[in-house]
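> dropping the sequence and predicted coords here.
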Amino acid sequence: MIEGCKKQFHKMDKRITLHGSIERISIGKNCILNNTFFNTRSGRISLGDGVKFGHNVMVLTGEHRNNGYVPSEGRDIFIGDDTWIASGAIVIGPVNIGSGAIVGAGSVVTKDVPQNVFVAGNPAIIKKRKG
């Protein structure tokens, strides 16, 4: 998956930003990243197949503590298949976003999101269940 990820980053729009190691991110098939900012300093990021990001989304594993310490592990983010993260959303690890979920524009995700729900707000809360 790492080689595929590297190839995908090389052919992506140069507006995508990765802060941290590319070795800590995996991207599924048919993802749309737009100009997403990824931070892998404090954990891994895993995107399932068909994940779509609007513009200016941030996916952040990093955490700064008052003493300046930045943990190197433990703040992983998993985003399931066929998930849509709308423009301006911020995802702060550690979280799991279930397959088929939708995160509304400008939302801040700080807790796990079940599959097949629509969440929105700051902090993001469930607004509607699919089905």
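On my side now, so go ahead.
> for the residue nearest the centre of the chain, which three-state class applies?
Most central in the chain under C-alpha atoms, centre = their mean is Val59, positioned 4.1 Å from the mean C-alpha point. On the three-state scheme (DSSP: H, G, I helix; E, B strand; the rest coil), Val59 is labelled strand.
> is Val95 in contact with Ser107, as I believe?
No: Val95 is not in contact with Ser107 according to C-beta atoms under 8 Å; the separation is 12.0 Å. From N, CA and C alone the C-beta is placed, and that goes for glycine too.
> quick one: which of these two has more around it?
Ser107 (25 against 19; other C-beta atoms under 10 Å).
> which residues does the more buried one contact?
Going by C-beta atoms under 8 Å, 6 or more residues apart in numbering, Ser107 touches 86, 89-90, 119-122, 124.
> centre of this structure to the edge, which residue is at the far end?
Most remote from the centre of the chain, using C-alpha atoms, centre = their mean: Asn67, at 26.2 Å.
> list buried residues within the contacts of Ser107.
Among these, those that count as buried by neighbour count (16 or more other C-beta atoms under 10 Å) are 86, 89-90, 119-120, 124.
> of all those, which comes closest to Phe37?
Nearest to Phe37 out of the buried ones among the contacts of Ser107 is Ile90 (C-beta to C-beta; 9.3 Å).
> how far away is that closest one from Glu23?
23 Å (C-beta to C-beta, to the nearest Å).
> same thing with Arg75?
16 Å.
> same drill for the two, tell me which one is more crowded.
Neighbours were counted for Arg75 and for Glu23 using other C-beta under 10 Å; Arg75 has more, 22 against 11.
> contacts only, for the more buried one.
Per C-beta under 8 Å, 6+ apart, neighbours of Arg75: 42-43, 61-63, 93-94.
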